[in-house]
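S.K.: Show me how the following folds:
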Amino acid sequence: MGEVSALILAAGRSTRFGKKDKLREQIDGKPILSHVIDRVLSAGPDRCFVVVRAGDQDLIDLCTPYSITIVSCADAFLGMGHSLRAGVKAAPIHHRLLVCLGDMPFVAPETMRVVMAAVRRSDHENAIIFPVHKNRRGHPAAFGANHRESLLSLSGDSGAASLITANPAQCQRVPVIDPGIHRDIDRPEDLAGSADRRLDGTAWWIRTTDL
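M.R.: Sure, this is the predicted structure:
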C-alpha cells in the first residue's frame with residue numbers, strides 16, 4: 001500500500017469572514033482548524049502537514065501540540081495554488097497526497113478514513129480519488145505521486161480542482177452519505193446552528209433534507 005501525506009491548507013486570509021480569523025473560531029469549544037486536524041489524523045496518514053501564512057503565530061501555536069509538520073508559506077497571499085505548492089514541496093516525493101481544507105470541519109471522520117483506505121488500496125500512482133455525495137464531488141481529494149509536478153505547477157488561485165477536470169479517466173469516486181464534504185466556512189453565517197450541536201464523530205449535521 002502506498003504511503004500518504006495529508007496536506008491541510010490553512011493559509012487563507014478569511015476576507016469574507018470579517019476581521020476574525022475563521023480557523024480560530026470555535027465549534028463545540030474547539031477551534032475549527034483543530035477539528036479538521038483531528039479528523040485528518042484519525043484517518044492515519046503517514047505524515048501530516050499544515051500550511052499556514054508566514055508569521056501567523058496564532059495558528060502556529062494552535063498546531064504545535066499535534067504530531068504534525070507546520071509549513072510556513074511566504075507567498076500565501078498570492079492564492080491557494082501557492083499554499084498547495086508549499087505543502088507538496090514539504091511532503092516526501094514518493095508519497096500520495098491527500099489535500100484537505102482547513103475550513104471544512106464538517107467532513108465526517110468516517111469519510112476521511114474511507115477516502116484514506118481507497119488511496120492506500122489504489123494500484124497506480126496516476127489515481128485521483130475524492131468523495132461524492134448526491135453526485136457532487138467534495139473534499140478531501142487525493143493525488144497519486146505522479147501528479148506531484150502538476151501540483152507544483154499551480155499558481156494564483158488555481159487549486160487542485162483543475163487537475164481533476166483535466167484528468168477524468170484517472171478519477172476514482174468514493175460514494176459517501178456525508179453532506180459535510182461540501183460544507184466549508186466562508187462567512188459567520190456558515191456557523192449558524194453549530195454552537196449547540198456536537199462534533200463527536202457522528203453525522204450530527206445531516207438534516208432530513210440532505211438525505
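
S.K.: contacts for the helix or strand hosting residue 49?
M.R.: Element membership for residue 49 (DSSP states H and E) is strand 47-53. With contacts defined as C-beta atoms under 8 Å, 6 or more residues apart in numbering, strand 47-53 is touched by 3-11, 13, 33, 37, 40-41, 59-60, 63, 66-73, 76-77, 83-84, 86-87, 90-92, 95, 102. From N, CA and C alone the C-beta is placed, and that goes for glycine too.

S.K.: Can you tell me how far residue 112 is from residue 21?
M.R.: 23 Å (C-beta to C-beta, to the nearest Å).

S.K.: Between those two, tell me which one has more neighbours.
M.R.: residue 112 (27 against 20; other C-beta atoms under 10 Å).

S.K.: Could you double-check that that one lies in contact with residue 38?
M.R.: No: assessed by C-beta atoms under 8 Å, residue 112 is found out of contact with residue 38, at 9.7 Å.

S.K.: Check what pLDDT residue 4 gets.
M.R.: Residue 4 is assigned a predicted lDDT (pLDDT) of 98.

S.K.: Tell me what it is bridged to.
M.R.: On the basis of DSSP bridges, residue 4 is bridged to residue 96.

S.K.: Tell me how far it lies from residue 12.
M.R.: Distance, residue 4 to residue 12, by C-beta to C-beta: 23 Å.

S.K.: And for residue 179?
M.R.: Separation of residue 179 from residue 12 (C-beta to C-beta) stands at 22 Å.

S.K.: Going through the contacts of strand 47-53, which ones are buried?
M.R.: Buried members of the contacts of strand 47-53, scored by 16 or more other C-beta atoms under 10 Å, are 4-11, 33, 37, 40-41, 59, 63, 68, 70-71, 73, 76, 83-84, 86-87, 90-91, 95, 102.

S.K.: mind listing the strands in the chain by residue range?
M.R.: Secondary structure of the chain, counting by DSSP state E: strands at 4-10, 26-27, 30-31, 47-53, 69-73, 96-101, 128-133, 136-137, 141-143, 171-175.

S.K.: Show residues contacting the fifth one.
M.R.: Translated: strand 69-73. For strand 69-73, the external contacting residues (C-beta under 8 Å, 6+ apart) are 11, 47-55, 60, 63-64, 82-83, 86-87, 90.
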